[in-house]
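> Predicted model follows, preceded by the sequence.
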Amino acid sequence: VGSKRQARTRAWRFFLTMLVELEAAVLDQDKAVYVRIYSWWKLVAHWGVHRFDDHRGLPPGCISWTRRGMSYDLVRSKTTGAGKKTLERPGLVSRDAFFVFKDWLEVGYELLVAQGGNDRDYLLMLPAPGLGSCLGAELVYQDACAASRMLLSGLTSGGEVLLCPEGTRRERGSRVPPPP
């Protein structure tokens, strides 16, 4: 007896060229501040192997810097938090996590803190109109999908636009259904 299964939509898959362009975007002072911050998050999520919802359990105040890189405690995720076996999960994004542009990690973090400080219990904020800054409100799933589409559709390499495959509309690891 066959069962009806829904077609899976996949999370964004990054090509090496896309990761290099995200590194470049973080450092590009001609890009809007929010584009630079969101590029930084995409790289942190890639190197730290994070789901979208993990930003909710990664307050900026839990981030510290060591000689190895950006160290943090994920205080709330799918597998950690109140009522779970593990309360916190330590994480690290190495200073050596780069392909071309070494300073993306520190520069992106400085941009994020300059926009919202350390006094909140989530990492990502909504963009202000024009993307020149951040609003104080938390970025939710639907806004993150739109921000990812905006960011990834604007990536270029050698004058060529790096198009993302169709059907990759979701953030990594989210169970919220994609918009119609």
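Received, thanks. Numbers count the residues shown, from 1 in each chain.
> and Arg67, how many neighbours?
Close neighbours of Arg67, defined as other C-beta atoms under 10 Å, add up to 5. To be clear about C-beta, it is placed using only N, CA and C from the backbone, and glycine gets the same treatment.
> got the contact list for it?
Shown in contact with Arg67 (C-beta atoms under 8 Å, 6 or more residues apart in numbering): Arg95.
> give me that answer again for 7 Å
The contact partners of Arg67, by C-beta atoms under 7 Å, 6 or more residues apart in numbering, come to none.
> Excluding sequence neighbours, find me the nearest residue to Leu58.
Nearest-residue entry for Leu58: Leu123, 4.6 Å, with adjacent residues in sequence omitted and distances by C-beta to C-beta, 6 or more residues apart in numbering.
> again with Ala147
Of all residues not flanking Ala147 in the chain, Tyr38 sits nearest, at 5.4 Å (C-beta to C-beta, 6+ apart).
> quick one: stretch 31-48 to chain centroid distance?
Here stretch 31-48 is found 5 Å from its chain centre; the criterion is C-alpha atoms, centre = their mean, to the nearest Å.
> Which parts of the chain are helices?
Secondary structure of the chain by DSSP state H: the helices cover 16-27, 33-48, 104-116, 141-153.
> tell me what the first one is packed against?
Looking back up the chat, that one is helix 16-27. helix 33-48, helix 104-116, strand 156-157 (3 or more C-beta pairs under 7 Å, 6 or more residues apart in numbering; DSSP states H and E).
> Point out the most buried one among the ones you listed.
Across the helices and strands packed on helix 16-27, averaging neighbours per residue (mean count of other C-beta atoms under 10 Å) puts helix 33-48 on top, at a mean of 22.
> how many degrees apart are it and helix 104-116 in direction?
Relative orientation of helix 33-48 versus helix 104-116 (axes from the mean of the first three to the mean of the last three C-alpha atoms, to 10 degrees): 130 degrees.
> out of the helices and strands packed on helix 16-27, nearest to Leu22?
helix 33-48 (4.6 Å; C-beta to C-beta).
> quick one on the thing from earlier: nearest to Ser64, out of the helices of the chain?
helix 104-116 (10.7 Å).
> Tell me the gap between that closest one and the middle of its chain.
13 Å.
> helices or strands next to that helix in the packing?
Using 3+ C-beta pairs under 7 Å, 6+ apart: helix 104-116 touches helix 16-27, helix 33-48, strand 69-74, strand 134-138.
> now these as TSV including mean pLDDT?
Output for the helices and strands packed on helix 104-116, formatted as TSV (pLDDT from 0 to 100):
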stretch	mean pLDDT
helix 16-27	93
helix 33-48	93
strand 69-74	90
strand 134-138	88
